[in-house]
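# need the 3D shape of this:
(one chain, ligands or ions: 1)
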Amino acid sequence: MKIYVLALAIAATLCAVALGAGQALATTAHHATPRTLKVAMHDPGCHWFMRHGEFTKAATVKGRIRLLNLDEATLKVASRHALRHIPVGKSLVVGRGNYVIMMVGQAPDDNYLKLTVR
Ligand SMILES: [Cu+2]
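Residues are numbered from 1 along each chain as shown. Here you go, the predicted structure:
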């Protein structure tokens, strides 16, 4: 009986630790709310980063950033590790790395946007 109680106490302690860790993670995520970088439709080039009311083909940001697709079709976000898609009106948070952003079915001379996240 004593061993059973001891096991129960250990299990309860482990649960409390796991719960605490989970809350710590949630808190961290909450504080690091990423800013938003818009990708907007604009010709020529079809799509551009829109920052401070200006259209640019390249952007460098510090810290995680939320990419918002305001283009006319799904965007492709390519990094060394993955190719991800952002449907129109949706967004994607990206972390540190280099990215090339293009649109599905885009013309060969449309923009390839370069994003650097430090
Ligand atoms: Cu486009």
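
# how does the protein divide into domains?
1-31, 35-117 (automatic domain parsing).

# and those domains: which comes nearest the ion?
For these, the distance to the ion is smallest for domain 35-117, at 3.4 Å, taking CB to the ion. All C-beta spots, glycine's among them, are computed from the backbone N, C-alpha and C.

# before we move on, the earlier item: ranking the domains of the chain by burial, who's on top?
Comparing the domains of the chain by mean neighbour count (mean count of other CB atoms under 10 Å), domain 35-117 comes out on top with a mean of 15.

# tell me if it is near the ion.
Yes: counting by CB under 5 Å from the ion, the ion has neighbours in domain 35-117: 46, 47, 71, 103.

# the third one touches residue 47, doesn't it?
The one in question is residue 71. Yes: here residue 71 lies in contact with residue 47, judged by CB atoms under 8 Å, at a distance of 4.5 Å.

# thanks a lot, see you next time.
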